[in-house]
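*Asks:* Just a sequence and a predicted model for now, questions to come.
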Amino acid sequence: MPRSLFPAASPEVRARLELDPTIKLINHYDWASNPLGPIPAWPESLKGAVRVMLATSTPMAMLIGSQGILIYNNAYAVFAGERHPHIFGLPAEQAWPEIAEFNRHKIDLGLRGETLHLEEQELLLNRNGTPEAVWLDLHYSPVLAEGGTPLAVLCIVQETTTRVLAERAVARSEERLSLALNSSTLVGTWDWDIVANSVTADEKFATMYNLDAATAKTGIALEGFMQAIHPEDVGRVGVEIRTALADGSSFRSQYRLLGPDGTIRWVIASGRPRLGDDGNAIRFPGVVVDVTEQRRASDALAESELRFRTLTNAMPQMVWSTLPDGFHDYYNDRWYQFTGVPQGSTDGEGWNNLFHPDDQQRAWAIWRNSLETGEPYQIEYRLRHHTGEYRWTLGLALPIRDSQDRIIRWFGTLTDIHETKLAATERDLVAQELSHRIKNIFAVLTGIISLSARSQPEIKPFADQLRQRIFALSEAHDFVRPHAARLQDTEHQGSLWALIERLLQAYHREGTARVSFRGEDAPIDDGAATPLALLFHELGTNAAKYGALSVADGEVVLEGRVSEDGYHLSWKERGGPVLDGARRPEGFGSRLVSLSVEGQMRGKVERIWEADGLRVEVDLPATALRRSGRLQS
């Protein structure tokens with residue numbers, strides 16, 4: 001008995017039909033072991049319905065009998081995915097266990113002779129090894145036997161998953177857009193029906209254009225919206241709209257809206273006309289964004305930039321700025337006037353090439369240190385002038401920091417100090433010559449005193465003291481006089497301790513210093529050096545004659561302390577002869593000390609005759625130590 005669903009077909013026709021893999025599957029399936037039995041035993045109405053189903057390109061499945069034995073066409077096989085062909089001929093509940101209850105209900109419904117249509121039915125199917133949500137349009141109808149009783153259910157399947165997901169994605173996108181637009185007071189939307197000349201708009205758009213929101217939702221002629229545009233802009237906007245309508249191009253325009261109270265707001269409107277079949281514009285949707293605050297900020301920034309450039313170009317100095325990493329991105333006009341280089345040619349690191357070759361390495365080192373530490377930048381170097389000569393300039397720069405103390409920019413200036421530098425050099429030469437002549441005067445005085453003492457031996461002790469005091473003054477002068485460049489960086493140069501050490505170095509014994517210092521030093525200038533030299537010369541001389549420096553193991557300890565009011569210095573002798581604590585009478589030297597400290601420097605000096613050695617407490621106002629302090633006072 002032939003098993004083919006098409007027993008009367010010739011071998012050629014059967015071969016052609018079996019090119020359909022599902023027809024071939026039915027013809028060669030072992031139906032004898034299936035509850036349906038061999039194909040010839042099937043009711044003719046069932047075989048006819050199956051033949052129709054197999055020839056259809058729409059996905060269809062036949063659920064036969066109470067078990068819902070599953071037979072389907074090739075389009076359904078594609079829908080079944082990896083479940084095909086294993087589910088072919090199985091009961092529907094077994095073929096699709098994840099929707100067994102769903103299929104049971106539909107089989108029972110169809111066998112009762114009822115039909116059912118479902119749209120966008122969501123099901124969770126495992127078609128390719130992983131459960132996935134699918135959406136289907138399903139139509140169930142009974143297949144009737146010759147006697148009119150239902151013997152199977154035919155299910156037509158149309159998968160709509162792609163369309164449903166796309167529609168939901170569009171809906172979510174539109175919802176997010178709607179939420180964004182509704183949450184913003186700056187964005188409005190419109191849709192212009194060009195044929196009917198009716199513009200519908202949302203509430204934000206209507207408010208911007210001074211129109212009633214309810215009326216705008218129903219539609220207003222374009223002219224009603226155009227009335228809100230500033231008179232100086234309305235003509236231009238009209239031209240831009242007509243241009244977009246003529247060629248279907250995008251429309252984007254920035255213009256002013258005039259409020260009922262005269263306030264002006266800036267907006268950006270953008271959209272694109274939609275063309276009909278005839279190529280003419282029929283709709284024109286778009287959005288408008290209120291950019292008033294951005295416009296104000298932009299105008300304020302432009303005005304600030306103009307003020308900054310005007311200010312920097314009006315300054316007599318060259319002005320520059322850099323990014324936090326030191327990249328130079330701005331120079332004022334005076335920089336280019338001074339150097340003569342083209343605009344922008346010294347951005348980045350090009351500026352270093354304008355330094356004198358002998359100054360480049362030093363300038364780079366100091367600049368890198370400022371970038372790494374944030375310390376202010378200060379340097380004198382020679383910069384190439386547009387004439388080709390190198391001129392001395394003073395460079396200063398400070399970092400600009402944000403609220404988190406991070407450097408966001410460096411601003412600096414360059415000042416031409418060439419003439420000042422040359423004048424200072426000339427002054428130094430004159431000062432050194434004058435200092436040399438003053439030293440000669442000290443030498444002449446010392447010689448005169450020595451000659452006088454030889455002719456009058458009775459004044460020799462006084463002459464020796466006077467000569468020593470003049471020597472102390474000479475040492476003080478030599479200490480603060482203009483020095484050669486090689487001496488200007490000497491340690492302690494221009495400090496109080498350095499002066500004392502120089503004056504008392506004669507009292508060192510066998511290379512061992514007998515005067516030590518503790519606490520804080522203080523800078524001094526020539527105005528303070530002379531009275532201080534007399535003070536410490538007298539203290540040192542007396543210590544060598546009567547005090548701690550008169551014995552081999554004696555020493556002097558000086559302690560310094562800087563305070564808000566000035567400077568305090570303590571002179572303490574140790575290891576010398578034991579004192580009885582009684583106050584000593586004042587001689588000429590003591591009066592000279594008081595005159596120097598209290599008279600000339602407006603300070604205080606106190607001698608305390610302690611048992612282990614003399615202690616002298618000296619208080620000096622800050623204005624007495626340096627010329628800058630005296631000028632401020």
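*Replies:* Sure, I can see it. Just so we're clear, the structure is a prediction, and the values are computed from it rather than from any experiment.

*Asks:* so what pLDDT did Glu426 get?
*Replies:* Note for Glu426: predicted pLDDT of 71.

*Asks:* swap that for Lys106, sorry
*Replies:* pLDDT, Lys106: 94.

*Asks:* And Pro43, by the same measure?
*Replies:* 93.

*Asks:* Same question for Val616.
*Replies:* 91.

*Asks:* do Pro59 as well
*Replies:* Value listed for Pro59 in the pLDDT field: 96.

*Asks:* Now it, what are its backbone angles?
*Replies:* Note on Pro59: its backbone torsions stand at phi -60, psi 120 [degrees, to the nearest 10].

*Asks:* distance of it from Asn73?
*Replies:* 7 Å (C-beta to C-beta, to the nearest Å). All C-beta atoms are positioned from the backbone trio N, CA, C, and that covers glycine.

*Asks:* ok, these two, which is more surrounded?
*Replies:* Using other C-beta atoms under 10 Å as the criterion, Pro59 and Asn73 rank with Asn73 on top: 24 against 21.

*Asks:* correct me, but the more buried one touches Thr22?
*Replies:* Yes: if you go by C-beta atoms under 8 Å, Asn73 and Thr22 touch, sitting 5.5 Å apart.

*Asks:* list residues touching both of the two?
*Replies:* Leu54 (C-beta atoms under 8 Å, 6 or more residues apart in numbering).

*Asks:* Helix, strand or coil: sort out the residue nearest the centre of the chain for me.
*Replies:* Against the mean C-alpha coordinate of the chain, by C-alpha atoms, centre = their mean, the closest residue is Ile408 at 8.0 Å. Per DSSP: H, G, I helix; E, B strand; the rest coil, the local secondary structure of Ile408 is strand.

*Asks:* my read: it touches Ile400, true?
*Replies:* Yes: the pair Ile408 / Ile400 is scored as a contact, 5.6 Å apart, by C-beta under 8 Å.

*Asks:* how does this protein divide into domains?
*Replies:* 11-165, 184-296, 315-410, 417-486, 491-633 (automatic domain parsing).

*Asks:* Which of those has the lowest mean pLDDT?
*Replies:* Lowest mean pLDDT within these: domain 417-486, at a mean of 64.

*Asks:* sorry, back to before: including distance to Ala302, could the domains of the chain go into JSON lines?
*Replies:* Formatted as JSON lines, those follow (distance: least, C-beta to C-beta, whole Å):
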{"stretch": "domain 11-165", "distance to Ala302": "49"}
{"stretch": "domain 184-296", "distance to Ala302": "10"}
{"stretch": "domain 315-410", "distance to Ala302": "16"}
{"stretch": "domain 417-486", "distance to Ala302": "35"}
{"stretch": "domain 491-633", "distance to Ala302": "43"}
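
*Asks:* right, and those domains - which one's nearest Arg307?
*Replies:* Using C-beta to C-beta as the measure, domain 315-410 is the one of these that comes nearest Arg307, at 12.8 Å.

*Asks:* how about the residue lying closest to Ile99 once chain neighbours are set aside, secondary structure?
*Replies:* In this structure, Ile99 finds its nearest non-sequential neighbour in Leu123, 5.6 Å apart by C-beta to C-beta, 6 or more residues apart in numbering. Counting by three-state DSSP, the backbone at Leu123 sits in strand.

*Asks:* Pretty sure Leu123 sits against Leu136.
*Replies:* Yes: in this structure Leu123 lies within contact range of Leu136 using C-beta under 8 Å: 6.4 Å.

*Asks:* could you show me where the strands are in the stretch 151-300 of the chain, in order?
*Replies:* 187-193, 198-201, 251-258, 264-271, 274-275, 281-290 (DSSP state E, counting those that start in this stretch).

*Asks:* Which one of those lies nearest to Gly37?
*Replies:* Shortest distance between Gly37 and the strands of the stretch 151-300 of the chain, using C-beta to C-beta, is found for strand 274-275: 62.3 Å.

*Asks:* Contacts only, for the residue nearest to the centre of the chain.
*Replies:* Ile408 sits next to 324, 400-402 when contact means C-beta under 8 Å, 6+ apart.

*Asks:* Equivalent analysis for Met60, please.
*Replies:* Met60 touches 53, 72-73, 75-76, 154-157, counting by C-beta under 8 Å, 6+ apart.

*Asks:* any idea which of the residues you listed is closest to Gly566?
*Replies:* Val157 (102.5 Å).

*Asks:* Give me the spatial nearest neighbour of that closest one, chain neighbours excluded.
*Replies:* Distances taken as C-beta to C-beta, 6+ apart put Pro59 closest to Val157, at 4.2 Å, once the chain neighbours are dropped.

*Asks:* And Asp402, its phi and psi?
*Replies:* The phi/psi pair for Asp402 (degrees, to the nearest 10) is phi -90, psi -170.

*Asks:* Just confirm Ala522 contacts Ser563, I think it does.
*Replies:* No: applying C-beta under 8 Å, one finds Ala522 not in contact with Ser563, separated by 10.9 Å.
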